[in-house]
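>>> Fold the following.
(one chain, ligands or ions: 2)
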Amino acid sequence: MNDTTYGLQELNAEKAFGGMGETVERDIPQIDMSDYFNRKDEIGEALWAAATEIGFFQLYNHGIPQELVDEAFWMSEQFFQLPEDSKKQFPLKPGSNAGWEFMEQVRPSTGTADRKESYQITLPRMTGLWPNGVEVPAFKATMMAFERHNWSVAMRVLSCFADRLGFTTDFFTEGHDSDAKEYQSTLRLIHYLGMENAKPEDFKFWRAGAHTDFDCLTLLHQKPGQGGLQLSPGKDAKGRAIAWTDVPPLPGVITCNIGDMLMRWSDDKLQSTLHRVRMPRPEEYLGPRYSMAYFAQANMDTVLQGPEGKYEPMTGHDYIQMRLGANFAKK
Ligand SMILES: O=C(O)CCC(=O)C(=O)O
Ligand SMILES: [Fe+2]
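Numbers count the residues shown, from 1 in each chain. Ligands and ions are numbered 1, 2, ... in the order given. Have a look, this model is predicted:
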């Protein structure tokens with residue numbers, strides 16, 4: 001299968017998932033990451049089962065201090081509360097995954113803009129894009145520390161997958177080398193707009209339309225009380241999502257999912273899973289929702305090639321550009 005065909009199939013499939021659908025309860029595996037080096041086999045087994053079956057799991061005892069997560073959330077809120085004129089100084093540059101955007105991401109599944117704004121940090125591309133210490137004190141230092149912690153957790157998870165795929169233990173760490181200028185993993189701070197004063201028709205839209213992620217692995221930090229994330233692990237014969245399951249925003253856990261890049265890189269052994277963020281119902285909390293997602297994306301010059309060679313080799317750069325082009329197409 002050539003690369004163009006692969007991309008189109010994925011994108012066409014994404015367009016089929018716009019409707020509300022049914023809801024069903026499913027268990028999301030919870031995995032204890034403590035004592036990682038001594039327990040790596042056991043952890044790897046649990047991760048592999050979760051990643052090949054449902055494609056979603058929640059990590060606890062993951063080693064990121066709760067204080068740092070709380071500080072990053074607090075600073076994210078301070079950033080989004082800046083006046084629009086301040087945030088405009090840091091515009092998202094097309095194709096870069098760096099900078100601030102307001103309702104620019106249009107999901108192929110819905111054809112409408114997600115009701116959100118985001119600020120994305122891709123470290124080698126941040127020149128001129130950091131708010132200074134007057135706008136949000138200590139923002140850069142906190143986000144850089146938080147980014148590194150997320151990278152490190154992601155590499156531990158990916159190393160377990162490398163062991164089982166027959167790669168060397170550090171295979172994915174080398175492919176996501178965070179010191180290289182080709183590094184393109186992204187920390188995305190997200191603010192979904194509060195719905196307290198919204199018009200009834202605004203509730204027809206999605207906070208985030210149904211999608212699979214483009215990356216290898218997503219580490220999502222949610223705030224208790226700010227739910228709405230749902231996943232759907234399968235598709236019916238017509239390509240529609242089978243049923244949706246709420247992913248609870250538990251305190252202290254990192255919610256992880258496999259993205260399409262790793263699905264391809266693993267010759268489809270690891271499962272990328274469709275998910276979305278729905279609007280609150282009238283009786284639920286209607287205030288703003290904040291989340292932070294770290295997307296581990298292979299460096300631009302890393303060649304994605306599965307152990308069995310199911311797909312043509314493709315660089316990390318080409319893969320991400322193909323997917324960004326379909327989501328931010330208006331620029
Ligand atoms: O905010 C969330 O809970 C999920 C965000 C998400 O799926 C994404 O940005 O890819
Ligand atoms: Fe996502």
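>>> Based on its surroundings, how many neighbours for residue 322?
As a burial measure, residue 322 scores 18 neighbours (other Cβ atoms under 10 Å). Placement of C-beta: from N, CA and C, glycine included.
>>> and residue 87, how far is that from residue 97?
Applying Cβ to Cβ, to the nearest Å, the value for residue 87 to residue 97 is 17 Å.
>>> More neighbours: which of the two?
When residue 87 and residue 97 are compared for neighbours, residue 97 comes out ahead with 23 against 20, by other Cβ under 10 Å.
>>> Hmm, residue 209 and residue 109 touching each other?
Yes: contact criterion Cβ atoms under 8 Å: residue 109 and residue 209 qualify, at 4.8 Å.
>>> how about the residues of the protein near ligand 1?
188, 190, 208, 213, 220, 222, 229, 275, 277, 291, 293 (Cβ under 6 Å from any ligand atom).
>>> Secondary structure for the residues you listed - can I get that in CSV?
Formatted as CSV, the residues of the chain next to ligand 1 follow (DSSP: H, G, I helix; E, B strand; the rest coil):
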residue, secondary structure
188, strand
190, strand
208, strand
213, coil
220, strand
222, strand
229, strand
275, strand
277, strand
291, strand
293, strand
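>>> is it true that residue 295 touches residue 185?
Yes: with contact defined as Cβ under 8 Å, residue 295 reaches residue 185; the gap is 6.1 Å.
>>> what residues are shared contacts of the two?
Shared contacts of residue 295 and residue 185 (Cβ atoms under 8 Å, 6 or more residues apart in numbering): residue 215.
>>> Now for the residue in the stretch 151-300 of the chain positioned nearest to ligand 1: which residues touch it?
Closest to ligand 1 within the stretch 151-300 of the chain is residue 291: 3.4 Å, counting by Cβ to the nearest ligand atom. Residue 291 makes contacts with 190, 192, 220, 221, 222, 223, 226, 229, as judged by Cβ under 8 Å, 6+ apart.
>>> Report the beta-bridge partner residues of it.
Applying DSSP bridges to residue 291 gives these bridge partners: residue 190, residue 222.
>>> got a pLDDT number for it?
Note for residue 291: predicted pLDDT of 98.
>>> what does residue 2 give?
Note for residue 2: predicted pLDDT of 33.
>>> and the residue sitting nearest the centre point of the chain, what are its phi and psi?
Nearest to the mean C-alpha position of the chain, by Cα atoms, centre = their mean, lies residue 218 at 4.1 Å. Phi and psi for residue 218, reported as degrees, to the nearest 10, are phi -110, psi 130.
>>> That one contacts residue 254, doesn't it?
No: between residue 218 and residue 254 there is no contact under Cβ under 8 Å: 9.5 Å.
>>> Look through this protein and tell me its longest helix.
Scanning the chain for the helix with the most residues, using DSSP state H, yields helix 139-165.
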